[in-house]
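Asker: Test case, fold it:
(5 chains)
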Amino acid sequence: MCGRSSLTKNEKELEERFNATFYSDELESYNPIPNFNVAPTHYMPVITSSDPEHIHIFRWGLLPFWSKDEKIAYKMINARVETILEKNSFKKAVQSRRCLVPMDGFYEWKRSGKEKLPYRIVTTDQEIFSVAGIWERWKSPEGKEIYTFSVITKPPNEIMEGIHDRMPAILLPEQEKLWLDEELPAQEAIQLITDYPANNMKAYRVSKRVNSVKENDKTLIEAIPENNNTLF
DNA sequence: CCAGACGTTGTT
DNA sequence: GTCTGG
DNA sequence: CCAGACGTTGTT
DNA sequence: GTCTGG
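Answerer: Numbers count the residues shown, from 1 in each chain, chains lettered A, B, ... in the order given. Down below sits the predicted model:
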């Protein structure tokens, strides 16, 4: 799960939400704004434990610092909270390189028979919410430096159960500071990940146009009727 | 000791 | 089926 | 996550 | 880098 999201708020709204500022030179890589169809490999805003006063722009898809193969990032877009402490690729990062991944919605595909239909899920009590993530600095053999991140996933809460069996680890606002606290041991940090209250979330069908990463406009986040399978 | 993997999702 | 790209 | 490619030789 | 398997 969690291979597609949205972040349709502008830079100013993000700065106010996280009480942090962008570096102007990094902003150039953040594109498009707003993004109605965030996909793996996109450069997106994150707030890191090492520099929480600023919003950095990192690439979605974790590259472990020891990796020689850049392609492994395609398989590292998610990290399971249940096993993150045990995995070579994640254990170091969850100890000292945690981050917040801002979203204003995420997409999940619900399987019904042969068909997979996309849903958008949002929080109703927060305009922008944070998903728990981890990040890495990677250097290619040629010396190219890339900063990447992975989104942590967890079992579904009440509202997600009918749609999919995984969901992103949405943090309660009051847990965000702790998640970024490097003094907090990883074992305790992952306990901050709990069920987001289902009555503060809502899910609705969206057009299948979201399937294609080439599509990116405001109509992607519009609701379509549940019983309409053919027109979109 | 060295070599080789290091991941998730979904589907079977 | 499996990998790569977005 | 989904979509789209997946190959070589030789010629322009 | 670090763990697992042989």
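
Asker: residue ranges with poor pLDDT in chain A?
Answerer: Low-confidence segments of chain A (pLDDT under 70): A:1, A:227-232.

Asker: max-length helix in chain A?
Answerer: helix A:11-18 (DSSP state H).

Asker: Can you tell me the strand partners of whatever helix or strand comes next after that one and which way each runs?
Answerer: Counting by DSSP states H and E, the next helix or strand C-terminal to helix A:11-18 is strand A:21-22. Using DSSP bridges, strand A:21-22 pairs in its sheet with strand A:54-60 (parallel).

Asker: gap between the partner strand and the chain center?
Answerer: Averaging C-alpha positions (Cα atoms, centre = their mean, to the nearest Å) puts strand A:54-60 11 Å from its chain's average.

Asker: Can I get it in PDB? Just the C-alpha atoms.
Answerer: The C-alpha atoms that make up strand A:54-60 are tabulated as PDB, following Å, rounded to 0.1, in the frame of the first residue of the first chain:
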ATOM      1  CA  HIS A  54      13.200  23.500   7.400                       C
ATOM      2  CA  ILE A  55      11.200  21.700   4.800                       C
ATOM      3  CA  HIS A  56      13.400  19.600   2.600                       C
ATOM      4  CA  ILE A  57      12.600  18.200  -0.900                       C
ATOM      5  CA  PHE A  58      13.500  14.500  -1.000                       C
ATOM      6  CA  ARG A  59      12.800  11.700  -3.500                       C
ATOM      7  CA  TRP A  60      10.200   9.000  -2.800                       C
END
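
Asker: Quick one: name the residues of chain A near DNA strand E.
Answerer: A:64-66, A:88-89, A:92 (Cβ under 7 Å from any atom of the strand). Glycine gets a C-beta too; all of them are placed from N, C-alpha and C.

Asker: And those residues, which two are furthest apart?
Answerer: Spatial extent of the residues of chain A next to DNA strand E (Cβ to Cβ) is set by the pair A:F65 and A:N88 at 11.4 Å.
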